[in-house]
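S.K.: Whatever this is, show me its structure:
(2 chains)
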2 protein chains.
Amino acid sequence: MAGERAKIRLFVDATLGAAQSVAVGRDQANYLFNVMRLENGAKVALFNGVDGEWTAEVVQSNKRGGILVCRDQALALQMPPDLWLMFAPIKKARTDFIVEKAAEMGAARIMPVQTRFTNADRIRQDRLQVHAIEAAEQCGGTFVPEVAELARLEDVLATWPSDRQIMFCDETLVGARAALSAVPTGDKWAILIGPEGGFSPEEQAQLTAMPQATAVSLGPRILRADTAVVAALALWQSERGDW
Amino acid sequence: MAGERAKIRLFVDATLGAAQSVAVGRDQANYLFNVMRLENGAKVALFNGVDGEWTAEVVQSNKRGGILVCRDQALALQMPPDLWLMFAPIKKARTDFIVEKAAEMGAARIMPVQTRFTNADRIRQDRLQVHAIEAAEQCGGTFVPEVAELARLEDVLATWPSDRQIMFCDETLVGARAALSAVPTGDKWAILIGPEGGFSPEEQAQLTAMPQATAVSLGPRILRADTAVVAALALWQSERGDW
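M.R.: Numbering: from 1, shown residues only, chains lettered A, B, ... in the order given. Predicted coordinates for the structure are as follows:
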């Protein structure tokens, strides 16, 4: 029935559209037909990050796979604002959390960056991307932010687009509050959360020299990086985003 | 040496003051003298949530306990704003997270509330209090918010103080954004985060009828309860708190 949203939501890497067939592989078939015990005729909400959310009907189901057919578009694609989130990876569980939270809070692109004082020298990009997909699945989102590969902050800043503002947060900047509302307007933004050890003097100097960069304080208490990510996204969404 | 902050921070349930002796028990002795290998003469930062942070010197250390003597006050007590956080407990790990984040973000009091659609019917108050203490230990705080026992939201609201505002957030209120800045000023506040199933119609009615209550939207995306806690605290701290 048009307008009735299915309870089970699934991300699929396939085109969605009226009468479009979508094949699901072993893992998703196991979830749908074994765990959730769906049968032919059952409705599932599908999204792919591009075509919005579609209500699809199970037409074939077995242990190794299945086929669903799109019936109605339940939601158009809802793009978040053009906001990137850059953060320095920390311990595994908290890095996973940062990606989940950034996806929930409406970051359009998630960029792990390696700073001078970052402990992690590699990330599992594929695993982090799965966390972003799961956050969208659970929170009703139709968009999935891309998780970029790890890059050096220095290199990222050296080729930074001139038309994208950066709001950077660093616990050593406590007291250096700049009002976000005082920054020249612009639709393209990025938030940069400093590593728990702070930026190096070179990184500080590089940031301070950029006309696109504004330091914003997150208050007098020291925040863990994962807390700072959500707090900074909330501030930005409230003042500059779609809240 | 006055002014030099010790690296190891410890919460103690004891009075702190110049020349005050503090006895530590088996667990903390194990941490200080076995894990961290401190010896007599070593400096430790102590706080108790009341007397600020004191630099204390180890004067006795053994496997079963030890004694430290306060030398200098490194920090005065830094009270957060008079803000309570009320939330409906969810799964264990995310409830722990909410308490940790609320302590980091400067809630003065943390109140788990049972709503009509809350799954949890009990909490481990003692364990949650430990999470609040650990957050203060790790984030350099000198204040520790009290975690209250679980209470029914209906009862809490029925005896609500007339001079304390409530900012309540409910995912079903998407679009019903009220600007926090338009609310009459007042120093006493509480944030109430709705359960993931939303408030019941009776709870909605009870809240709506309260002159102290203001509904504030956290944007067009559905947030998990733990994300909503940090986002709401960030909004409030930025507009009404000490950021």
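
S.K.: Can you tell me the SS state at the residue nearest the centre of chain A?
M.R.: Per Cα atoms, centre = their mean, the C-alpha nearest to the average position across chain A is that of A:Ala103, at 2.9 Å. Using DSSP: H, G, I helix; E, B strand; the rest coil as the criterion, the local structure at A:Ala103 reads helix.

S.K.: isn't it right next to A:Phe97, touching?
M.R.: No - A:Ala103 is not in contact with A:Phe97 according to Cβ atoms under 8 Å; the separation is 10.9 Å. Just so you know, the C-beta spots here come from the backbone N, C-alpha and C atoms, and that holds for glycine as well.

S.K.: picking up where we left off before, helix, strand or coil for the closest residue to the residue nearest to the centre of chain A other than its chain neighbours?
M.R.: Computed as Cβ to Cβ, 6 or more residues apart in numbering or on different chains, the closest residue to A:Ala103 that is not its neighbour in sequence is A:Ala135, at 3.8 Å. Remark: A:Ala135 carries the secondary structure label helix [criterion: three-state DSSP].

S.K.: Do I have it right that A:Ala135 meets A:Gln129?
M.R.: No - proximity of A:Ala135 to A:Gln129 does not meet the contact threshold set by Cβ under 8 Å, at 10.8 Å.

S.K.: out of the two, which sits in the busier spot?
M.R.: For A:Ala135 and A:Gln129, the more surrounded residue by other Cβ atoms under 10 Å in any protein chain shown is A:Ala135, and the numbers stand at 22 against 18.

S.K.: picking that back up, could you measure from the residue nearest to the centre of chain A over to A:Glu137?
M.R.: Between A:Ala103 and A:Glu137 the distance is 10 Å, computed by Cβ to Cβ, to the nearest Å.

S.K.: rewinding a little: can you pull the contacts of the residue nearest to A:Ala103?
M.R.: For A:Ala135, the contacting residues are A:99-101, A:103-104, A:141, taking Cβ atoms under 8 Å, 6 or more residues apart in numbering or on different chains as the criterion.

S.K.: same check, this time on A:Leu207
M.R.: Taking Cβ under 8 Å, 6+ apart as the contact definition, A:Leu207 lies against A:157, A:166, A:168, A:192, A:199, A:213, A:215.

S.K.: who wins for most neighbours among these?
M.R.: Highest neighbour count within the contacts of A:Leu207, by other Cβ under 10 Å: A:Leu192, with 26 neighbours.

S.K.: what residues go with each domain of chain A?
M.R.: In terms of domains, chain A is parsed into A:9-75, A:83-239 (source: automatic domain parsing).

S.K.: Throw the ones you listed into a markdown table and include mean pLDDT, thanks.
M.R.: Putting these into a markdown table (pLDDT from 0 to 100) gives the following:
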| stretch | mean pLDDT |
| --- | --- |
| domain A:9-75 | 95 |
| domain A:83-239 | 89 |
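
S.K.: from those, which stretch is densest packed?
M.R.: domain A:83-239 (a mean of 19; mean count of other Cβ atoms under 10 Å in any protein chain shown).

S.K.: A helix includes A:Ala23, no?
M.R.: No - checked against three-state DSSP, A:Ala23 lies outside a helix; its state is strand.

S.K.: need the contact list for A:Met210.
M.R.: A:157, A:160, A:166.

S.K.: ok, back up a step: between the contacts of A:Ala135, which sits nearest B:Ala23?
M.R.: The nearest member of these to B:Ala23, counting by Cβ to Cβ, is A:Lys101 at 40.9 Å.

S.K.: May I have the phi/psi pair for the nearest residue to the closest one once chain neighbours are set aside?
M.R.: Closest residue in space to A:Lys101, ignoring its immediate chain neighbours: A:Val230 at 5.0 Å, by Cβ to Cβ, 6+ apart. The main-chain torsion angles of A:Val230 are listed as degrees, to the nearest 10 and equal phi -70, psi -40.

S.K.: Cross-check the contact I'm expecting between A:Val230 and A:Gly106.
M.R.: No - counting by Cβ under 8 Å, A:Val230 sits too far from A:Gly106 to count as a contact (11.3 Å).

S.K.: May I ask which helix or strand encompasses A:Leu207?
M.R.: Here A:Leu207, judged by DSSP states H and E, is contained in helix A:201-208.

S.K.: right, and the helix or strand after that helix?
M.R.: Downstream of helix A:201-208, the first helix or strand assigned by DSSP H and E is strand A:213-215.

S.K.: what lines up beside the one helix or strand A:Cys70 maps to in the sheet?
M.R.: Taking DSSP H and E as the definition, one finds A:Cys70 inside strand A:65-75. When pairs are called by DSSP bridges, strand A:65-75 turns out to pair with strand A:21-24 (antiparallel), strand A:53-62 (antiparallel).

S.K.: Which residues does that strand contact?
M.R.: Applying Cβ under 8 Å, 6+ apart, the contact partners of strand A:65-75 are A:2-3, A:5-6, A:16-26, A:28-29, A:32-33, A:43-47, A:51-60, A:142.

S.K.: Around chain B, pick out the residues from chain A.
M.R.: With the criterion set to Cβ under 8 Å from any Cβ of the partner chain, chain A comes near chain B through A:78, A:80, A:101, A:104-106, A:138-141, A:177, A:217-224, A:227, A:230-235, A:237-238, A:241-243.

S.K.: Please enumerate the strands of chain A.
M.R.: Counting by DSSP state E, the segments of chain A that form strands are A:9-11, A:21-24, A:43-47, A:53-62, A:65-75, A:83-87, A:109-114, A:146-147, A:151-152, A:165-169, A:189-193, A:213-215.

S.K.: how far does the second one sit from the chain's center?
M.R.: Counting by Cα atoms, centre = their mean, to the nearest Å, strand A:21-24 is centred 25 Å from the centre of its parent chain.

S.K.: on that earlier part again, can you pull the contacts of the residue nearest to the centre of chain A?
M.R.: By Cβ under 8 Å, 6+ apart, A:Ala103 lies in contact with A:110, A:131-132, A:135-136, A:139, A:141, A:144-145.

S.K.: Let me have the residues you listed in a markdown table, extended by distance to B:Leu150.
M.R.: Rendered in a markdown table, the data for those read as follows (distance: Cβ to Cβ, whole Å):
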| residue | distance to B:Leu150 |
| --- | --- |
| A:Ile110 | 36 |
| A:His131 | 31 |
| A:Ala132 | 33 |
| A:Ala135 | 28 |
| A:Ala136 | 32 |
| A:Cys139 | 26 |
| A:Gly141 | 31 |
| A:Val144 | 36 |
| A:Pro145 | 36 |
